[in-house]
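J.: no sequence on this one, just coordinates:
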């Protein structure tokens, strides 16, 4: 599930966005009507993406955007605005926003922008991606437990396995496909090699959190 927080002071628009986004099977949408409320939600829920209005009753959304970045959050931020001037767009992007969407909003376009930003984000080396109880950072090859902040250093192959399973978007990945993409074509590599790496990765993870992380399904694996 992708967690999205919308910060918008127009109560009707906020309710509509939260309701319509929540209709998507893979989206959990939350709403805030002010910057103060938005800060609380972001700290508590650690969202995957933020929709942020420019003009809010208790401040400028661009200042909020700077605050989000100053706190170390790297998730995509999409600014919502009723204005379409080039200077406003540039200022929002310089504040740390990833995209700028002009009202009135069209749900189809908004969803396309959201999914496009999430796909781009997952490919970034510094992306902090939530997987179960952990954050996965590909560039550092680490898993960090979201509650305790305990972290695991991953091997090159362990990180590559997680990265490829992420690309499959929750689908089961056959063992042969994982072998091909993580190890490449090699007569010396067998499914036993993959199973050993998965076993060791699970042992590392289970030492910190017992919740399922990688599930064996049919003749392959998927992220829990």
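T.: Perfect, I can see it now. As the structure is a computational prediction, the values presented were derived from the model and not from experiment.
J.: contacts and neighbour counts: CA atoms only from here.
T.: OK.
J.: how far is the helix or strand hosting residue 204 from where the chain is centred?
T.: Assigned by DSSP states H and E, residue 204 belongs to helix 191-206. Chain-centre distance of helix 191-206: 24 Å, with C-alpha atoms, centre = their mean, to the nearest Å.
J.: Output the contacting helices and strands for it.
T.: Using 3 or more C-alpha pairs under 8 Å, 6 or more residues apart in numbering; DSSP states H and E, the elements in contact with helix 191-206 are helix 156-167, helix 175-183.
J.: try 7 Å
T.: Counting contacts by 3 or more C-alpha pairs under 7 Å, 6 or more residues apart in numbering; DSSP states H and E, helix 191-206 packs against no other helix or strand.
J.: ok, residue 129 - how many residues close by?
T.: The number of residues packed around residue 129, counting by other C-alpha atoms under 10 Å, is 19.
J.: Could you tell me whether it really is in a strand?
T.: Yes: assessed with DSSP: H, G, I helix; E, B strand; the rest coil, residue 129 lies in a strand.
J.: Quick check: it vs residue 58, distance?
T.: When distance is defined by C-alpha to C-alpha, to the nearest Å, residue 129 is 30 Å away from residue 58.
J.: Give the buried residues for stretch 50-60.
T.: For stretch 50-60, burial by neighbour count (16 or more other C-alpha atoms under 10 Å) applies to 50-56.
J.: Please report how far the residue positioned nearest the centre of the chain lies from residue 91.
T.: In the chain, the residue lying closest to the centroid (C-alpha atoms, centre = their mean) is residue 48, at 3.9 Å. Going from residue 48 to residue 91 by C-alpha to C-alpha gives 23 Å.
J.: swap in residue 219?
T.: Taking C-alpha to C-alpha, one finds residue 219 at 50 Å from residue 91.
J.: give me the number of residues near residue 147?
T.: Around residue 147 there are 8 residues (other C-alpha under 10 Å).
J.: which residues touch the nearest residue to residue 220 once chain neighbours are set aside?
T.: Nearest residue to residue 220, sequence neighbours excluded (C-alpha to C-alpha, 6 or more residues apart in numbering): residue 174, at 4.0 Å. Residue 174 sits next to 219-221 when contact means C-alpha atoms under 7 Å, 6 or more residues apart in numbering.
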